[in-house]
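> sequence first, predicted coordinates after that:
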Amino acid sequence: MRVWIVFLLCLAGHAMAAPTEEVLVTEEELVTEEELVTEEPIFEEETEVGVNPVQVDVGEFDEAIEVIEDAEENPCMNYHCKRGKVCEVDEDNTPMCVCQDPSTCPPAEGDFEHNCGTDNKTYETACHFFATKCTLEGTKKGHKLHLDYIGPCKYIEPCLDNELKEFPMRMRDWLKNVLVTLYERDQDNDLLNEKQKLRVKKIYENEKRLQAGEHSLDLLAQDFQKNYNMYIFPVHWQFGQLDQHPADGYLTHSELSPLRAPLIPMEHCTTRFFDECDTDGDKYVALEEWAACFGLKEQDVDKDLII
Ligand SMILES: *[C@@H]1O[C@H](CO)[C@@H](O)[C@H](O)[C@H]1NC(C)=O
Ligand SMILES: [Ca+2]
Ligand SMILES: [Ca+2]
């Protein structure tokens, strides 16, 4: 959650102008709602003991020594459940995932942990949200409920047509700057892979590129026309960053969430922008739709650029 906040703050300061290192961290740390859709339990090597309230309960009424001995036997030990669920064992000592009771979620440390659902209800933390969503699993209401944005629900003014037109211009400029910044900071840490670096190098070395910062829309539009080729890769790159659960060439609502959720409270055109990106209205944003949203020409959409 911390990471979200840093991202939020850095965006709040400069809207979509100045990228920072934290942006990448956000993308790596994301936990999407997609985990909710997967039915299989997820096994992971790093299991945080004590995170599971059921395990904590066990500790309370068993002898302490026994708990330690039992730890390896506990079938829930390495049994990971998706967000909103916790592991419990049945009579046969078989682990299974059940919905978490929202009241067992740790309380929020501050307003910044609140989340607004698509039902326009404020949830205390993401844990509360996912636990609630889990209890609605299988219902129409549960199917429609998503995490909409970070922070308490608030009034978001309608996005006007002319404002909507500006949004992709600023966003693609921002994407380009994020990549260039990552490239600049890449000496020690592998923020980008070799293929990506090679692509960004060209953008970076182009002296005519606009420096990160606030630019007038005229200037952004002009730069896009003049340096169109520099924008092709950043748009593909961001798609590849988001399309991971699964990487199938389509973005679901939850795959888009890491980008949308921190942005919505600050950029009131975010929701409308992503809605309209889905031109065929099938609820998925395909690569072709995504590229068109950012003004790329059809012939420049290239799956091989997602590297
Ligand atoms: C959502 O909730 C907020 C705060 O309670 C309210 O100000 C806003 O008008 C609501 N938005 C909609 C679309 O109902
Ligand atoms: Ca996908
Ligand atoms: Ca679509």
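Everything's here; your move. Ligands and ions are numbered 1, 2, ... in the order given.
> low-scoring stretches of the stretch 151-300 of the chain, by residue?
Applying pLDDT under 70 to the stretch 151-300 of the chain flags residues 187-189, 207-210.
> that one against ligand 1: which residues are in contact?
Proximity of the stretch 151-300 of the chain to ligand 1, by Cβ under 6 Å from any ligand atom, involves residues 153-155. No exception for glycine: its C-beta is placed from N, CA and C like everyone else's.
> which of the residues you listed has the most neighbours?
Among these, Cys153 has the most neighbours (other Cβ atoms under 10 Å), with 17 neighbours.
> does the nearest residue to it once chain neighbours are set aside belong to a helix, a strand or coil?
The spatially closest residue to Cys153, leaving aside those adjacent along the chain, is Cys116, at 3.9 Å (Cβ to Cβ, 6 or more residues apart in numbering). Following DSSP: H, G, I helix; E, B strand; the rest coil, we place Cys116 in the strand state.
> and Cys116, how many neighbours?
Neighbours around Cys116, by other Cβ under 10 Å: 22.
> which residues touch it?
Residues counted as contacts of Cys116 (Cβ atoms under 8 Å, 6 or more residues apart in numbering) are 122-123, 147-154.
> who does it bridge with?
Taking DSSP bridges as the rule, Cys116 bridges to Thr122, Tyr149.
> tell me which parts of the stretch 151-300 of the chain are close to ligand 3?
Taking Cβ under 5 Å from the ion as the test, the list of the stretch 151-300 of the chain residues beside ligand 3 reads 278, 280, 282, 284.
> nearest residue to the last one in space, please, no chain neighbours.
In space, not counting the residues next to it along the chain, Tyr284 is nearest to Tyr250; the distance is 4.0 Å by Cβ to Cβ, 6+ apart.
> that neighbour: what's it in contact with?
Applying Cβ under 8 Å, 6+ apart to Tyr250 gives the contacts 243, 284-287.
> could you identify which of those residues has the most neighbours?
For the contacts of Tyr250, the largest neighbour count, defined by other Cβ under 10 Å, is 25 neighbours, found at Val285.
> report how many residues lie close to the closest residue to that residue other than its chain neighbours.
Once flanking residues are discounted, Val285 sits nearest to Leu251: 4.3 Å by Cβ to Cβ, 6+ apart. Here the count is done by other Cβ under 10 Å, and Leu251 has 25 residues near it.
> now do the strands in the stretch 201-307 of the chain.
250-251, 285-286 (DSSP state E, counting those that start in this stretch).
> TSV for those strands, including distance to Phe294?
Formatted as TSV, the strands of the stretch 201-307 of the chain follow (distance: least, Cβ to Cβ, whole Å):
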stretch	distance to Phe294
strand 250-251	13
strand 285-286	11
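> nearest approach to Asp161 belongs to which of those?
Judged by Cβ to Cβ, the one of the strands of the stretch 201-307 of the chain that comes nearest to Asp161 is strand 285-286, at 20.3 Å.
> adjacent strands (with direction) for the closest one?
strand 250-251 (antiparallel).
> closest point of the stretch 1-150 of the chain to ligand 1, which residue?
Nearest residue of the stretch 1-150 of the chain to ligand 1: Asn120, at 3.9 Å (Cβ to the nearest ligand atom).
> which residue sits closest to that residue, ignoring its sequence neighbours?
Cys153 (5.2 Å).
> helices along this structure, start to end?
Ranges of helices in the chain, per DSSP state H, are 2-14, 22-29, 34-37, 53-61, 64-71, 126-135, 140-144, 161-184, 194-205, 217-226, 228-242, 253-263, 270-277, 287-293.
> now render those helices as JSON lines, adding distance to ligand 2.
JSON lines is the format used below for those (distance: least, Cβ to the ion, whole Å):
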{"stretch": "helix 2-14", "distance to ligand 2": "21"}
{"stretch": "helix 22-29", "distance to ligand 2": "14"}
{"stretch": "helix 34-37", "distance to ligand 2": "8"}
{"stretch": "helix 53-61", "distance to ligand 2": "31"}
{"stretch": "helix 64-71", "distance to ligand 2": "37"}
{"stretch": "helix 126-135", "distance to ligand 2": "19"}
{"stretch": "helix 140-144", "distance to ligand 2": "18"}
{"stretch": "helix 161-184", "distance to ligand 2": "18"}
{"stretch": "helix 194-205", "distance to ligand 2": "19"}
{"stretch": "helix 217-226", "distance to ligand 2": "27"}
{"stretch": "helix 228-242", "distance to ligand 2": "8"}
{"stretch": "helix 253-263", "distance to ligand 2": "5"}
{"stretch": "helix 270-277", "distance to ligand 2": "14"}
{"stretch": "helix 287-293", "distance to ligand 2": "10"}
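> alright, calling it a day.
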